[in-house]
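Trainee: Sequence below, structure please.
(chains A, B, C and D)
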Protein chains: 2
Amino acid sequence: MPQPDSPDPARASVASPWDGVADRLRASGLRWTPQRRNLVEVLREHEGHVTATDLIARCRELDGTTTPSTVYRTLDVLENLGLVRHGHAADGREEYHVLPEHVHGHLYCVGCGTTWEIRPETGALIVDALAADLGFSVDLTHVTIAGRCEGCQE
Amino acid sequence: MPQPDSPDPARASVASPWDGVADRLRASGLRWTPQRRNLVEVLREHEGHVTATDLIARCRELDGTTTPSTVYRTLDVLENLGLVRHGHAADGREEYHVLPEHVHGHLYCVGCGTTWEIRPETGALIVDALAADLGFSVDLTHVTIAGRCEGCQE
DNA sequence: GTCGCTATTGCAACGCGTTGCGCTACGATC
DNA sequence: GATCGTAGCGCAACGCGTTGCAATAGCGAC
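Mentor: Reported below is the predicted structural model:
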């Protein structure tokens, strides 16, 4: 029965994707712990791109006893629920995309350090090109492509 | 004066790109050390893709005292000479491309673990698409795109 | 051949991410 | 409300990659 089971009607009307997390976890035999509550709280304020390091730092502000391994493990769980996706930035660090509405790849400018989203149409073009090349089915979300943005080319 | 300065005529006829390395280093005020000689020796036998870890392991076989930091630093130097390029594999680890004849990107299959090269024409298509999108000038060599190869899709 | 400058080395320590393990505490059941 | 199986926690240790520093050793100059 996919009816909203949040006990708070005011919040239910907002229909944040985070609202059902606790129940979705429990429905799979998983648990809703203070540490996970904290992480979700942090993710709420970070819709967009965050590095794992940032998330860990923010979680520790809320609860000094939080350990990195817990954060990483919880992020795995949330990724299985489709609430975050992780990828590797150009320097190989982990980067999390919160609540991706649509699948998109990323561009990282080595000049100014900005991360840009690849527009869906352009992404589709890339996916098609690689499919035609080797029959490859690409997972764009996992990738950050390095280069220089318009403003950073001499 | 760009004449071959290798003292060995037999070797000069082979014209391996590695032959001039020692002199190219010295010409820039850099030095030719036993550790660098070993690394070059290892790279010679590895034309293609290698992980930094593999390189370090092979170097230690030749000389047990070699330390990781030395290998990484020497790889940086060789990258400046254009003899290797490094990128990040799908899992974020470092991967080196030895003697890249042409600029090419990489595809990593999460199914079978194989790394594939993106054909130059397809690569150019991707570069063009991103240039048209955001005016982005892409460095394809630095990137590995994850996905599933033809044989690994159900 | 010797000297001296300095690039390079090895070491040690750090940061990021992952993994194995024993203990804790969530939450279903009674 | 009390019990209990187990998911999840913190901890400690590991592997990869990087960096600062003191000691070493290329190599050009004399």
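Trainee: who are the neighbours in contact with the residue nearest the centre of chain A?
Mentor: When C-alpha atoms, centre = their mean is applied to chain A, the residue found nearest the centroid is A:His97 (2.4 Å). Counting by C-beta atoms under 8 Å, 6 or more residues apart in numbering or on different chains, A:His97 makes contact with A:Gly48, A:His49, A:Val84, A:Arg85, A:His86, A:Gly87, A:Thr141. C-betas here are computed from N, CA, C, even on glycine.
Trainee: Quick check: it vs B:Asp133, distance?
Mentor: 18 Å (C-beta to C-beta, to the nearest Å).
Trainee: can you check A:Glu79 too?
Mentor: Taking C-beta to C-beta, one finds A:Glu79 at 27 Å from B:Asp133.
Trainee: right, and the helix or strand after the worst-scoring helix or strand of chain A on mean pLDDT?
Mentor: In chain A, the helix or strand scored least confidently by mean pLDDT, DSSP states H and E is helix A:9-14, which has a mean of 46. Next in sequence after helix A:9-14, counting helices and strands by DSSP states H and E, comes helix A:21-27.
Trainee: quick one: buried residues of that next one?
Mentor: Residues of helix A:21-27 classed as buried by neighbour count (16 or more other C-beta atoms under 10 Å in any protein chain shown): A:Val21, A:Ala22, A:Leu25.
Trainee: For DNA strand C, state which of the contacts of A:His97 is nearest.
Mentor: A:His86 (8.0 Å; C-beta to the nearest atom of the strand).
Trainee: Need the contacts of A:His97 in a markdown table (columns: neighbour count).
Mentor: As requested, these are exported to a markdown table (neighbours: other C-beta atoms under 10 Å in any protein chain shown):
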| residue | neighbour count |
| --- | --- |
| A:Gly48 | 11 |
| A:His49 | 17 |
| A:Val84 | 22 |
| A:Arg85 | 18 |
| A:His86 | 16 |
| A:Gly87 | 21 |
| A:Thr141 | 17 |
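Trainee: domain ranges for chain A?
Mentor: Following automatic domain parsing, one gets these domains for chain A: A:17-98, A:106-149.
Trainee: Tell me which stretches of chain A form helices.
Mentor: A:9-14, A:21-27, A:34-44, A:52-62, A:68-80, A:120-134 (DSSP state H).
Trainee: so can I have CSV of the ones you listed showing distance to B:Thr67?
Mentor: Below are those laid out as CSV (distance: least, C-beta to C-beta, whole Å):
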stretch, distance to B:Thr67
helix A:9-14, 56
helix A:21-27, 45
helix A:34-44, 38
helix A:52-62, 27
helix A:68-80, 27
helix A:120-134, 39
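Trainee: Which of those sits closest to B:Trp32?
Mentor: Distance to B:Trp32, taken as C-beta to C-beta, is lowest for helix A:52-62 among the helices of chain A, at 39.1 Å.
Trainee: Does the closest one reach DNA strand C?
Mentor: Yes. Helix A:52-62 comes into contact with DNA strand C (C-beta under 7 Å from any atom of the strand), by way of A:Ala52, A:Thr53.
Trainee: Now that helix: buried residues?
Mentor: Residues of helix A:52-62 classed as buried: A:Ala52, A:Leu55, A:Ile56, A:Arg58, A:Cys59 (neighbour count, 16+ other C-beta under 10 Å).
Trainee: Closest to B:Leu43 out of those residues?
Mentor: B:Leu43 lies nearest to A:Ala52 out of the buried residues of helix A:52-62, by C-beta to C-beta, at 32.7 Å.
Trainee: Correct me if wrong: that closest one contacts A:Arg73.
Mentor: No. Contact criterion C-beta atoms under 8 Å: A:Ala52 and A:Arg73 do not qualify, at 11.6 Å.
Trainee: Can you report how many residues lie near A:Arg148?
Mentor: 19 (other C-beta atoms under 10 Å in any protein chain shown).
Trainee: Beta-bridge partners for it, please?
Mentor: B:Ser137 (DSSP bridges).
Trainee: quick one: it and A:Asp133, what's the gap?
Mentor: According to C-beta to C-beta, A:Arg148 and A:Asp133 sit 25 Å apart.
Trainee: A:His86 too?
Mentor: 26 Å.
Trainee: any idea how far A:Arg24 is from B:Arg148?
Mentor: Taking C-beta to C-beta, one finds A:Arg24 at 27 Å from B:Arg148.
Trainee: low-confidence ranges in chain A?
Mentor: Residue ranges of chain A with pLDDT under 70: A:1-15, A:100-101, A:103, A:154.
Trainee: Could you list the contact residues of it toward DNA strand C?
Mentor: A:22, A:25-26, A:31-34, A:51-53, A:68-69, A:72-73, A:93-94.
Trainee: That concludes my questions; thank you for your assistance.
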